[in-house]
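Chemist: Show me how the following folds:
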Amino acid sequence: MAAGRPSRQLLSLSSQQIQNLRQKDKWVPLPEDDDEDAAAAAAALAAAPDSLPASLEALHGESLSSLATGDDFTALTIAPGMFQDLDASRARQQRGRITLYCPGDSFNRKKLDEVLRASFPASAIKSYPDVFYVEYFAASDDAPGGDLFFFDYGVVACWGLDSAQEAAVMRTIAHQAANQPVDSEELEVDQFEFNYSSLEKPHIQNDTVTLHKKAAKDHQVKLAISYALAQSTKLSLHERRVSAMVVETKHLPESLAASGKVALSPETIAKLIGKVFIQKAAVNLLSSVLDTPEFFWRAPDSFQALYERICEYLELEQRVEVLNARFAVLQEMLDMLRDHQNNHHSARLEWIVIYLIMVEVVVGLLEVLGLFGLVGNE
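Modeler: Next comes the predicted model:
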């Protein structure tokens, strides 16, 4: 997507069409950090415990994954179509899925902390300023581990889990702590793939993140990537909502052009203007979609470079520009309709005043004629 002013074609696309329009086959190199000082800084920042359980499943008796069947959450299960062309053992050892869910507008951080500590050992949980990290199961030399990231703005990033495990996490944890949960129809789900390789250069292409094998056990590398992916998922939710508003209001200018009237009350137009402002504020003022996360303020520079490369691949800046252009068009249209309603109301008031003046003139004329005896005498 070229930089600059968004075209009218872009403004008319839905959020899913914008996602599909994104150039997924471009090859974006990811930074390689061989600096020992940076690695030491990353280790100090992590402050990870010496040892973690090989599998959280053994500590639970009835594991989270055993809860994945039943209830009505099966609609969220994502078929792993992107892995069907991979050899099973090769996929288990070198590849995995990254799935991001947006179950609500945000998470209740206190509630989320309580649910996580009730579900996982304290040693498996790490808190950052705007995200909770959970090691679902540990990585080994042959297979990547399973990791969860719960972002305060309502996005969950799952690394290395299968669809049943993801469904269990969403139902038993995410939905319990979500503020203003979204409807199932509005639920935003994005899928990517990761690949650990000692042969290929780190890069992202075709929604596949290729990293060096040494990064397999470093959850902060995954966190840096997940920040960009989570912001993209949250932005997709806003794109979906704005697309719905475009569909809801597209008939208004057509009706005005055809009949010169709009069958909406001033109160309804004011509500639409409020909805546009709420969404615009959510993107530009209240959410973390446009912010560089606080995590990078004290993390090694290589992590921020990694985050910025993923943002470049996801074309976040261009998508925000398109979204703000849509806000501007909607705001301009609704302001025009409000002005039209106000002018119509003003015109009615002017005619009422004219009628009253005419009545007063007629009454005054009759009084004058009465004084001269021209009317009212028998």
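Chemist: residue contacts, the nearest residue to Asp147 once chain neighbours are set aside?
Modeler: Nearest in space to Asp147, with sequence neighbours left out and distances taken as Cβ to Cβ, 6 or more residues apart in numbering, is Trp159 at 4.2 Å. Just so you know, the C-beta spots here come from the backbone N, C-alpha and C atoms, and that holds for glycine as well. Neighbouring residues of Trp159 by Cβ atoms under 8 Å, 6 or more residues apart in numbering: Gly96, Ile98, Pro144, Gly145, Gly146, Asp147, Leu148, Phe149, Phe194, Lys222, Ser226.
Chemist: in the chain, which helix has the most residues?
Modeler: Longest helix of the chain, by residue count under DSSP state H: helix 316-371.
Chemist: Now Ala263: which helix or strand?
Modeler: Assigned by DSSP states H and E, Ala263 belongs to neither a helix nor a strand.
Chemist: Tell me how many other residues crowd it.
Modeler: 9 (other Cβ atoms under 10 Å).
Chemist: What's the separation between it and Thr208?
Modeler: Ala263 sits 50 Å away from Thr208, going by Cβ to Cβ, to the nearest Å.
Chemist: Now tell me which helix or strand of this structure has the poorest mean pLDDT.
Modeler: Here the helix or strand of the chain ranked lowest by mean pLDDT, DSSP states H and E is helix 8-11, holding a mean of 44.
Chemist: for Asn206, phi and psi?
Modeler: phi 50, psi 40 (degrees, to the nearest 10).
Chemist: In this structure it contacts Lys24, no?
Modeler: Yes. If you go by Cβ atoms under 8 Å, Asn206 and Lys24 touch, sitting 5.4 Å apart.
Chemist: Could you check which of these two has the larger neighbour count?
Modeler: The residue with more neighbours, out of Asn206 and Lys24, is Lys24; 14 against 11, by other Cβ under 10 Å.
Chemist: so who does the more buried one touch?
Modeler: Gln205, Asn206, Asp207.
Chemist: Taking the centroid of the protein, which residue is nearest it?
Modeler: Centroid-nearest residue in the chain: Lys234, 1.2 Å away (criterion: Cα atoms, centre = their mean).
Chemist: so which strand or helix has that residue?
Modeler: Assigned by DSSP H and E, Lys234 belongs to helix 219-249.
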